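1. Predicted model, plus sequence, below.
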Amino acid sequence: MKHALPGPAALHVDVSEEGQALLSLLFPQMAGLRVHRVEDAGDAVVISASCTASAACCPGCGSASSKVHGGYSRVVADGAAGGRPVLIMLRVRRFRCCDVSCPRATFVAQEDGLTGRYCRRSVPLTQMLTGFGLELAGRAGARLAGRLGIAVHSSTILRLLAALPEPGAGAAPEILGIDDFALRKGHVYGTVLVDVGTGDVAGLLPDREAATVEAWLKAHPGAKVICRDRAGAYAEGARAGAPGAVQVADRWHLWHNLAEYAQKTAGRHRGCLLAAGQGAEAGGDEEPAARDAQGQRPDPEVPPDGTLDACGRERRLVTRTRERYAGIRARLDEGQSLSAISRAAGLDRKTVQRFARAGSVDELLAAAVSREAKLDEFKPYLCQRWNEGARDAAALHAELRQRGWAGSAQAVRRYLAPFRKADRAPGPPPAVPKTRQVTRLLLTRPDHLQPGEQAQLAGIRAQCPHIDALAGHVTAFAEMMTGLTGSTGLDKWLAAVEAGDQPELRSFATGIRNDKEAVTNGLSLPYNSGRVEGTVNKIKTVKRQMYGRAGFPLLRKRVMLHPA
């Protein structure tokens, strides 16, 4: 940072006693200086001043000295005035240390609140730039400083941030929240520890391993309550690092986990809604359709469901699923491992694991045949256009593309094929809600649903007894969570779920039993991880400000030193 120093033609003003008082009011950091003159250097304002201290303490040994060894002038940059930078031409004194054992023979007296050793910026300016870095990072902080008349590079602001001291090791907050955050989503994760009472960040760890959490808790004792999600690593680390602390599973994470399992259950039983809709569609008095090219005749009394095609034949997906399930079960009965089966069958290990965990092939088929189709939302329009006389599949496909359809023309032809065999035009198919929509209706507070949504939910529950049972379990869990009655109601809820026939909820109940004490505390005590989730969102914002190129040390500084 270079500025033109005053030349012989520069405008200067000598400072009187009244001017000294005015400058001390406007620039309190210069209250201890004797200001001689203020000069206009064109691109900067230069203030000539000198230190007035007659004695100073040696920074090495602390002994006071009044022996002046000499002096020199130094330039200190200060905050801008009127949109122009301010330079202080400061005359300082060098004192001789009186302690002969001190390694410092001489030292320079620093002006409190203004100068520091080897610093070319004043203390207030350094603090200002550091604050810009904490809030905005390097580039945005440098742009803001430039708007204020302070020329600084973004790397300088980052260096000022890196030089800040981190908080020392102290006691952990009594109510501590732990959660993970993504350093690189899907690959690298870290851990944030937050004071739930104040929202301040107590620590930032580079991974989410149990040993790292354990080491931090042992170095920072004092946590009495630990709020966390249901991650096993955090549970293990908390037990080993703070065995006396009460672990509390966060209620939001519990509700989120329940929503995921409820969505799986609703998706598996969406076939009940499809069957009900197809039954209503086929309830008319249509004539039997003609045979197809293979001699098959669709049965109008038994409309095709998710396992059959339009001609009543078993879909290839269903046949393949049955064959794979039978083959995998046979290999498992022979004692083969999942990896060996994966290699022999040419399937991914997770696929083999999913088939192995299934209780029956019907459990797998329910999820496969009930999946949502991209064409579902366009089917009413196709039926309408067919009834209006449009028979060209290619033309209908072009119309769908204009309405947002991104699929192939073959999918449209497959859907229209049964219509060509019928003597009468089909009616519009009944609307079947999507899985996510069914899940939203199940998990929304009843008093927050519109009257039409309440009627829709009642119809869904009437059509499918499995979804009706799921709705009862969700309602019971919600009442237990909002009323904080987990200590008395959790065992009863788990027993009801385990006695049912829904494997997704049984899996959720198994996970709760593995962490039952923390879940019971979460459903009984008033603590939660709301402040922790807010801190995770703040970390995401800080990362985006630095365009993802900042390392963990800089991220740690910005997060830990930033006010809550």
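-> All right, it came through fine.

2. For E135, the count of nearby residues, please.
-> 15 (other C-beta atoms under 10 Å). (Glycine included, C-beta is placed from N, CA and C.)

3. Give me the nearest residue to it, chain neighbours excluded.
-> Counting by C-beta to C-beta, 6 or more residues apart in numbering, the nearest residue to E135 once its immediate chain neighbours are dropped is G141, at 7.3 Å.

4. So which helix or strand of this protein has the lowest pLDDT on average?
-> Least confident element among the helices and strands of the chain, by mean pLDDT, DSSP states H and E: helix 270-281 (a mean of 60).

5. What residues of the helix or strand just after it count as buried?
-> Per DSSP states H and E, the first helix or strand lying C-terminal to helix 270-281 is helix 316-333. Applying a neighbour-count criterion of 16 or more other C-beta atoms under 10 Å, the buried positions in helix 316-333 are V318, T321, R322, R324, Y325, I328, R331.

6. Next: stretch 146-159.
-> Buried-residue list, stretch 146-159, by 16+ other C-beta under 10 Å: G149, I150, A151, V152, S154, T156, I157, L158.

7. do the same with stretch 531-541
-> R531, V532, E533, T535, V536, K538, I539.

8. cool, and stretch 469-482?
-> Those would be A469, L470, A471, H473, V474, F477, A478, M480, M481, for stretch 469-482 by 16+ other C-beta under 10 Å.

9. Mind checking which of the buried residues of stretch 531-541 are in helices?
-> Residues of the buried residues of stretch 531-541 located in helices (DSSP state H): R531, V532, E533, T535, V536, K538, I539.

10. List the residues that contact the last one.
-> Contacts of I539 were listed using C-beta atoms under 8 Å, 6 or more residues apart in numbering, and they are F181, V192, L555, V559.

11. secondary structure element for the second one?
-> What that stands for is V192. Assigned by DSSP H and E, V192 belongs to strand 188-195.

12. what's in contact with that strand?
-> Applying C-beta under 8 Å, 6+ apart, the contact partners of strand 188-195 are 172-173, 175-183, 200-208, 212-213, 216, 234, 531-532, 535-536, 539, 552, 559.

13. partners of it in the sheet?
-> According to DSSP bridges, strand 188-195 forms sheet pairs with strand 175-184 (antiparallel), strand 201-205 (antiparallel).

14. roughly how far is the first one from the heart of the chain?
-> Per C-alpha atoms, centre = their mean, to the nearest Å, the displacement of strand 175-184 from the mean C-alpha position of its chain is 10 Å.

15. and if you look at stretch 59-76?
-> 53 Å.

16. and what of stretch 123-142?
-> In terms of C-alpha atoms, centre = their mean, the centre of stretch 123-142 is found 26 Å from the chain centre.

17. Cross-check the contact I'm expecting between R74 and V92.
-> Yes - contact criterion C-beta atoms under 8 Å: R74 and V92 qualify, at 6.0 Å.

18. which residues touch the longest helix belonging to the chain?
-> Counting by DSSP H, the longest helix found in the chain is helix 123-147. Helix 123-147 has contacts (C-beta under 8 Å, 6+ apart) with 29, 77-79, 113-116, 119, 121, 150-158, 160-161, 164, 542, 545-546, 550, 558, 561-562.

19. redo that, cut-off 6 Å
-> Outside helix 123-147, the residues that touch it by C-beta atoms under 6 Å, 6 or more residues apart in numbering are 29, 78-79, 113-114, 152, 154, 157-158, 160-161, 545-546, 558, 562.

20. before we move on, what about stretch 211-231?
-> 169, 171-172, 174-178, 196, 203, 205, 234, 237-238, 240-242, 245-250, 253, 515, 527, 529.

21. Same question for stretch 17-32.
-> Residues outside stretch 17-32 that contact it (C-beta under 6 Å, 6+ apart): V35, E111, G113, L114, P124.

22. Which secondary structure state is assigned to the second one?
-> Of the three states, E111 takes coil according to DSSP: H, G, I helix; E, B strand; the rest coil.

23. Quick check: phi and psi at it.
-> With angles defined as degrees, to the nearest 10, E111 sits at phi -90, psi 120.

24. Just give me the neighbour total for it.
-> That count, for E111 with other C-beta under 10 Å as the rule, works out to 22.

25. how far away is it from F27?
-> As judged by C-beta to C-beta, to the nearest Å, E111 and F27 stand 12 Å apart.

26. related to what we said a few turns ago, more crowded one of R74 and V92?
-> Taking neighbours as other C-beta under 10 Å, R74 and V92 compare with V92 leading, 19 against 13.

27. Which secondary structure element is home to the more buried one?
-> If you go by DSSP H and E, V92 is part of strand 84-96.

28. got a list of contacts for that strand?
-> Strand 84-96 is contacted from outside by 3, 44-51, 56, 65, 67-71, 73-78, 106-109, 149, using C-beta under 6 Å, 6+ apart.

29. Now do the buried residues in the helix or strand encompassing Y261.
-> According to DSSP H and E, Y261 maps onto helix 251-268. For helix 251-268, the neighbour count (16+ other C-beta under 10 Å) marks 251, 253-254, 257-258, 261-268 as buried.

30. Export those to TSV and append columns for pLDDT and distance to I88.
-> Formatted as TSV, the buried residues of helix 251-268 follow (pLDDT from 0 to 100; distance: C-beta to C-beta, whole Å):
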residue	pLDDT	distance to I88
R251	92	57
H253	91	55
L254	93	60
N257	92	61
L258	93	64
Y261	90	67
A262	91	67
Q263	89	65
K264	86	68
T265	86	72
A266	86	70
G267	82	70
R268	79	74
